[in-house]
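In: Below is the sequence, then the predicted model.
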Amino acid sequence: MGTRLGKWLIEEFGEKKSKTARAWRAGKTEGVRHPKNTPELRNQIGRDLLLIEADLLERAHLIKVDWTQVRTDMKGFDFPMANLDRLYEYEGKTNPKTIIQEQKAFIEELIKGTTQEWLTKYYLSLLEQLSEGNMTASAMDSEVLRCVYELARLEEYQFKRKFSENVFHNSKTFEKNFQKRVITVLRNAPQIVEGMEDYEVLAEFQILTYSQTLACKGNLTYAIDDTITVNTSNMPYGTVLNAQTLVHGKPIQAAGVKRVITIENQANYEDMKYDDHTLYIYVHGFPSPKERNFLRHIADIVEEGTEFYHWSDMDLGGIRIYRFLKQNLFPALQPMKMDAESYVKAIEDGHGIEYDNEKKTKYEELHASGECPEELKELLERILTHGKDIEQEGVSPI
């Protein structure tokens, strides 16, 4: 048996995001609600049906009706919150308390298999939400939570579609249905830097995409699995290392190289002319863990006194990428074409893209935080003064 009035009571006091519903789902069953016989309620249920169903629910000892005119009309009724559990049974609907308990048990099992502190804290925050009766989308999305759990446990690099096949038995399900929501959770991890693209976030968790490559131009020799050696000087226009090469490769020599220049944008990288004494590296953004593992060997094999430079857009992303490279790869890194003089020259030449107030706030926060590298502080001040970003393509080549 089911009634429209019973379903209305369930929706109103058991399933809404209201304080009353949350408190009940959290186990607080005290109190009595006093719905009135309003025009809105009559329109929703139907005048005659409302009276019939109120009588049915009263006979089931679920509500107490304030009848008038010898049970032919009513002013309203009393509904004890303690009766809501029985009302769910009466209406044949699944009790959200049961759903919450099942979801809490699921998350508690995930916690047992989790070793990463940030993820444990995230799971605990979801348990707290559920304990408070908050059935938030993030806490209830079991598939997303399972994806995050499996990603955090990966010990070896894995292509994204292979990961999807392993978890869902469908190579496209992860990317199609869950990727964006999973990445939102992964951004809580300590290794994720603000400004990273989605594929860069996945790369931090050892998920490979077929587009993840590293390009270089110069005299670099690297070994594949310590057996095969490749010298890039035979490719004067540059060479591209795919994801698997980066995993299995290791730089072993950079003969004659005096400068290492990392470049954010591909067009600028392509413009660089081959030079025996310079190693150009197209980093495209934040290098992934596999790229970092490959690149950090370069600092060990170059001759003493070799200079390290980075050339990026003169904008928030460029500053973040420069800082990331300096902190994680090349401590002696210096900016190239990322100074106040280059910025002003580009502005005078008619380049520059105005940024919005949200980005302006981020620039101001970076300036106030003291986290901007000392060598880029003057550039940051110019950006704040002029209110424009400069793309790399707007700066004269080296």
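Out: On my side now, so go ahead.
In: where do the strands sit along the stretch 251-398 of the chain?
Out: Taking DSSP state E, counting those that start in this stretch as the test, the strands found in the stretch 251-398 of the chain are 259-263, 278-282, 307-311, 334-335, 353-354, 388-389.
In: do you know which of these lies nearest V240?
Out: Of all those, the one in closest proximity to V240, counting by C-beta to C-beta, is strand 278-282 (8.8 Å). All C-beta spots, glycine's among them, are computed from the backbone N, C-alpha and C.
In: Quick one: mean pLDDT over the closest one.
Out: For strand 278-282, mean pLDDT is 96.
In: Check stretch 39-46 too.
Out: On average, stretch 39-46 scores 94.
In: go on, stretch 366-377?
Out: When pLDDT is averaged over stretch 366-377, the result is 93.
In: Repeat that for stretch 99-119.
Out: Stretch 99-119 carries an average pLDDT of 96.
In: Measure how far that stretch is from the centre of its chain, please.
Out: In terms of C-alpha atoms, centre = their mean, to the nearest Å, the centre of stretch 99-119 is found 19 Å from the chain centre.
In: Flag every buried residue along it.
Out: I100, Q103, I107, L110, T114, L119 (16 or more other C-beta atoms under 10 Å).
In: And for stretch 227-235?
Out: V230, T232.
In: That stretch: end-to-end distance?
Out: Distance between the two ends of stretch 227-235: 21 Å, counting by C-alpha to C-alpha, to the nearest Å.
In: could you give the mean pLDDT of that stretch?
Out: 92.
In: Run the chain-centre distance for that stretch.
Out: Relative to the centre of its chain, stretch 227-235 is centred 37 Å away, using C-alpha atoms, centre = their mean.
In: go on, stretch 327-347?
Out: For stretch 327-347 - counting by C-alpha atoms, centre = their mean - the centre lies 28 Å from the chain centre.
In: Now the terminal residues of that stretch, how far apart.
Out: 29 Å.
In: which residues touch that stretch?
Out: If you take C-beta atoms under 8 Å, 6 or more residues apart in numbering as the criterion, stretch 327-347 is touched by 260-262, 287, 292, 295-296, 299, 307-312, 314, 318, 322, 325-326, 352, 375-376, 378-379, 381-383, 386, 388, 390, 392, 394-396, 398.
In: repeat for stretch 160-180
Out: With C-beta under 8 Å, 6+ apart as the test, stretch 160-180 has contacts from 143-144, 146-147, 150-151, 154, 158, 182, 198, 202, 207-209.
In: hmm, back to that, distance to T136 added to the buried residues of stretch 99-119, as TSV?
Out: Below are the buried residues of stretch 99-119 laid out as TSV (distance: C-beta to C-beta, whole Å):
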residue	distance to T136
I100	11
Q103	11
I107	12
L110	16
T114	20
L119	17
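In: These in helices, which ones?
Out: Counting by DSSP state H, the buried residues of stretch 99-119 place I100, Q103, I107, L110, L119 in helices.
In: how about the residues you listed in TSV, adding distance to K17?
Out: Output for these, formatted as TSV (distance: C-beta to C-beta, whole Å):
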residue	distance to K17
I100	14
Q103	17
I107	20
L110	25
L119	26
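In: and which of those is nearest A267?
Out: Here the nearest of those to A267, counting by C-beta to C-beta, is L119; it sits at 38.7 Å.
In: residue contacts, G238?
Out: Contacts of G238 by C-beta under 8 Å, 6+ apart are A215, C216, K217, T232, Y269, E270, Y280, Y282.
In: picking up where we left off before, which one of the ones in helices among the buried residues of stretch 99-119 is nearest K36?
Out: I100 (30.1 Å).
In: Just the buried ones from the contacts of stretch 160-180?
Out: For the contacts of stretch 160-180, buried by 16+ other C-beta under 10 Å: V144, R146, C147, E150, L151, Q158, V182, L202, I207, L208, T209.
In: Looking at those residues, which are in helices?
Out: V144, R146, C147, E150, L151, V182, L202.
In: which residue packs closest to the fourth one, ignoring adjacent ones?
Out: Put plainly, it is E150. Nearest residue to E150 in three dimensions, chain neighbours excluded: V167, at 5.5 Å (C-beta to C-beta, 6 or more residues apart in numbering).
In: Do you know the pLDDT at the one you found?
Out: 92.
In: Give me the distance between it and L50.
Out: Counting by C-beta to C-beta, to the nearest Å, the gap from V167 to L50 is 49 Å.
In: Please say which of those two ends up with more neighbours.
Out: L50 (21 against 17; other C-beta atoms under 10 Å).
In: re earlier: list only those of the contacts of stretch 327-347 flagged as buried.
Out: Those of those that meet the buried threshold are 260-262, 287, 292, 295, 299, 307-312, 314, 318, 322, 325-326, 352, 376, 379, 382-383, 388, 390, 392, 394-395, by 16+ other C-beta under 10 Å.
In: hmm, back to that, so of the ones in helices among the buried ones among the contacts of stretch 160-180, which two are at opposite extremes in space?
Out: Pairwise distances across those peak at 16.1 Å for R146 and L202 (criterion: C-beta to C-beta).
In: G285: what's it in contact with?
Out: M196, E197, E200, E264, G317, I321.
In: Check what pLDDT the closest residue to the second one other than its chain neighbours gets.
Out: If the residues on either side of it in the chain are set aside, E197 comes closest to G285, at 6.1 Å by C-beta to C-beta, 6+ apart. Residue-level confidence at G285 comes out at 86, pLDDT.
In: Great, nothing more from me.
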